[in-house]
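Participant: from the sequence below, what's the structure:
(one chain, ligands or ions: 2)
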Amino acid sequence: MALYIVPAKCISCGACWADCNVEAIEIVHHKYAINVEKCVDCSACQYVCPNDAIFYDKDTAIESVNAEIAAAKEKVAAAKAAAEKVDSKDEEAVGKANDAVTAAEKALAEAEAALASIN
Ligand code: SF4
Ligand code: SF4
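Facilitator: Ligands and ions are numbered 1, 2, ... in the order given. Alright, predicted model coming up:
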């Protein structure tokens, strides 16, 4: 067994890194990650994480990220549908709608990247 940090949930606070007694938490590509070779499964990091970003097994982590991906896809679809209804002559509204689509697509891309990092 090993613990996994889900990047999409991690807010990079460093609390887990500070609490790990065996230096199993490393920064990989600007994100905190658990080195499963060093981790001794003490769960200390999981207790201190303020954002429930650490999972005790891979399947639970994958399940969580898949739920995030599904929710993000729904948000992208909703933002696109809302953008289509905006009056094209209203530049401010069009700008806001496009920003909402971009933000939703960014969240989806992050969730998909999180899944790739766990698998
Ligand atoms: S479970 Fe314990 S050993 Fe493993 S990364 Fe977390 S704090 Fe470190
Ligand atoms: S404690 Fe949680 S939110 Fe903070 S760096 Fe670690 S995994 Fe990320």
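
Participant: E26 contacts Y32, doesn't it?
Facilitator: Yes: the pair E26 and Y32 qualifies as a contact (CB atoms under 8 Å) at a distance of 7.5 Å. The C-beta positions use only the backbone N, C-alpha and C, and glycine is treated the same way.

Participant: neighbour-wise, which of those two wins?
Facilitator: Y32 (22 against 13; other CB atoms under 10 Å).

Participant: in three-state terms, label the more buried one for me.
Facilitator: When states are read from DSSP: H, G, I helix; E, B strand; the rest coil, the local structure at Y32 comes out as strand.

Participant: would you mind measuring from V101 to E26?
Facilitator: 35 Å (CB to CB, to the nearest Å).

Participant: an error on my part: the question was meant for E110.
Facilitator: The value you get for E110 to E26, if CB to CB is used, is 20 Å.

Participant: kindly report the same for D59.
Facilitator: Distance from D59 to E26, by CB to CB: 23 Å.

Participant: what's the closest non-adjacent residue to A2?
Facilitator: V36 (3.9 Å; CB to CB, 6 or more residues apart in numbering).

Participant: ligand 1 versus that neighbour, what's the distance?
Facilitator: Distance from V36 to ligand 1, counting by CB to the nearest ligand atom, to the nearest Å: 8 Å.

Participant: same for the strand or helix carrying I62, what does it pack against?
Facilitator: Here I62, judged by DSSP states H and E, is contained in helix 58-85. Judged by 3 or more CB pairs under 8 Å, 6 or more residues apart in numbering; DSSP states H and E, helix 58-85 is in contact with helix 91-118.

Participant: the residue lying farthest from the centre of the chain: what secondary structure?
Facilitator: Largest separation from the mean C-alpha position in the chain: K89, at 35.9 Å (CA atoms, centre = their mean). When classified by three-state DSSP, K89 comes out as coil.

Participant: quick one: residues contacting it.
Facilitator: Contacts here follow CB atoms under 8 Å, 6 or more residues apart in numbering; on that basis K89 touches nothing.
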